[in-house]
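K.L.:
need a 3D model of the sequence below.
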Amino acid sequence: MKKITAFVVIAVLFTAIGIYFGAKRFQPTTPADTAVGALMQMSMKDSGGKQRKMSEWQGKILLLNFWATWCPPCVSEMPELVALQSDWSSKNLQVVGIGIDSPSNIREFAEKHQITYPLLLGGLEGSELSRQFGNQSGGLPFTILIGPDGSVRQTYMGRLDMEKVRADLASM
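P.N.:
Residues are numbered from 1 along each chain as shown. This next block holds a predicted model:
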């Protein structure tokens, strides 16, 4: 009787340990940076009206570009961001644009231009999000390079120097 009881106790213990580690394995890891952690908890609508969770891109190299339709440097760098997304998508890069503009302006812009990466409707929350990443002035464009481990690798204020961005990507 004692052997059966001991066997049941050990079996229950190992089952509990298996369940714990099995559940832990399928939980997303917490990003290293607290602002990135908050970002990965967010969701925003894209230019087509679909709700997108930022965690969809967790574990990828993420180039997060804050922009607006009324910002000439923002609009002028978009073709280069499209090319970058195309060139680096097989290397685990995802470019995401967060529009600090009205939903209607972003939707019209997305329909008119051939932007191949997700454009999200950030609005005023997008401005606050950029501040959490160090953009205290609220200037645009503002871009953040986030590593697959959730660490902020680089921030860029103003129009992107694509040679610098490509060099930063290559160093990852």
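
K.L.:
tell me the helix or strand right after the helix or strand of the chain with the lowest mean pLDDT.
P.N.:
Least confident element among the helices and strands of the chain, by mean pLDDT, DSSP states H and E: helix 2-25 (a mean of 61). Using DSSP states H and E, the helix or strand that follows helix 2-25 in sequence is helix 34-40.

K.L.:
put the alpha carbons of that next one into PDB.
P.N.:
These are the backbone C-alpha positions of helix 34-40, laid out as PDB (Å, rounded to 0.1, in the frame of the first residue of the first chain):
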ATOM      1  CA  THR A  34       9.900  48.000 -20.500                       C
ATOM      2  CA  ALA A  35       8.700  50.400 -23.300                       C
ATOM      3  CA  VAL A  36       8.900  47.400 -25.700                       C
ATOM      4  CA  GLY A  37       7.000  45.300 -23.200                       C
ATOM      5  CA  ALA A  38       4.200  47.900 -23.100                       C
ATOM      6  CA  LEU A  39       4.300  48.100 -26.900                       C
ATOM      7  CA  MET A  40       3.800  44.300 -27.200                       C
END
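
K.L.:
residue 121 and residue 109 touch, don't they?
P.N.:
No: with contact defined as Cβ atoms under 8 Å, residue 121 does not count as touching residue 109 (11.1 Å). Quick note: C-beta positions are derived from backbone N, CA and C, even for glycine.

K.L.:
so which of the two has more stuff around it?
P.N.:
Between residue 121 and residue 109, residue 121 has the larger neighbour count (other Cβ atoms under 10 Å), namely 23 against 20.

K.L.:
now residue 35: how far from residue 53?
P.N.:
The gap separating residue 35 from residue 53 is 17 Å, by Cβ to Cβ, to the nearest Å.

K.L.:
give me the more crowded residue out of the two.
P.N.:
residue 35 (18 against 12).

K.L.:
nearest residue to the more buried one other than its sequence neighbours?
P.N.:
Nearest residue to residue 35, sequence neighbours excluded (Cβ to Cβ, 6 or more residues apart in numbering): residue 132, at 4.5 Å.
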